[in-house]
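**Q** Everything below, folded, please.
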Amino acid sequence: MSSAAGPVSSPAAPDALQWSVEACTIGRAMEILGEKWTIVVLREVFAGIRRFDDMRVRTHIPRQVLTNRLATLVDHGVLHRVPYQEPGARARSEYRLTDKGFDLYPVLIALAEWGDRHLADPAGPPLVFAHRDCGAPVHAVVTCDDGHAVGELREVLPKPGPGARRR
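**A** The predicted model follows:
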């Protein structure tokens, strides 16, 4: 229920209802990343698959969809094009991660861990992430700015940040 002055909430309503989500950075990120094939494209680039035709063969993404996803990631500075040319062929582009793109690695690892935990085949996940130096498995870990590892995720409290605005 709402009034002309704004939303009316019961005394038991969550405090989050008092804050606007119009400038939410999660929503903004999902405008770029929130389509299935976009994450699949990123998985491929992180795995070293950088060429359009190689991505098509490996993923079966429809040609126009792949073209659109790559263009979106380039337009938003997640990937950049690097020209290459095979002997006797026309010039083409490879797609490489930018620093902004590399910042998505923890997101990809966390998404893979969730999928591994809840959706993997009985044989296990088809892709694992390992530390290049020692080969040990890599995991996404939640920590606070004081360096504490947050073991129980129910200990995390979403609260208004410096850019929050009241509704």
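**Q** contacts, neighbours, all on C-alpha from now
**A** Noted.
**Q** show me where pLDDT drops low in this protein?
**A** Within the chain, the stretches with pLDDT under 70 are 1-11.
**Q** tell me the domain ranges of it?
**A** Per automatic domain parsing, the domain ranges recorded for the chain read 18-100, 104-157.
**Q** Could you count how many residues lie near Ala13?
**A** If you count neighbours by other Cα atoms under 10 Å, Ala13 ends up with 10.
**Q** Please, which helix or strand holds it?
**A** Under DSSP states H and E, no helix or strand contains Ala13.
**Q** I'd like to know how far it sits from Leu157.
**A** Counting by Cα to Cα, to the nearest Å, the gap from Ala13 to Leu157 is 16 Å.
**Q** got it, and Val107?
**A** For Val107, the distance to Leu157 - Cα to Cα - is 19 Å.
**Q** okay, these two: which has more neighbours?
**A** A direct count of neighbours by other Cα under 10 Å for Val107 and Leu157 places Val107 higher, at 13 against 7.
**Q** what sits against the closest residue to that one other than its chain neighbours?
**A** Spatial nearest neighbour of Val107, excluding adjacent residues (Cα to Cα, 6 or more residues apart in numbering): Ala140 at 7.9 Å. Applying Cα atoms under 8 Å, 6 or more residues apart in numbering to Ala140 gives the contacts Pro106, Val107, Ile109, Ala110, Glu113.
**Q** One more: Val142?
**A** Ala149, Val150, Gly151.
**Q** okay, now the last one: neighbour count?
**A** It stands for Gly151. Gly151: 11 neighbours (other Cα under 10 Å).
**Q** Go through stretch 26-33 and flag the buried ones.
**A** Of the residues in stretch 26-33, Ile32, Leu33 count as buried by neighbour count, 16 or more other Cα atoms under 10 Å.
**Q** Fine by me, we can end here.
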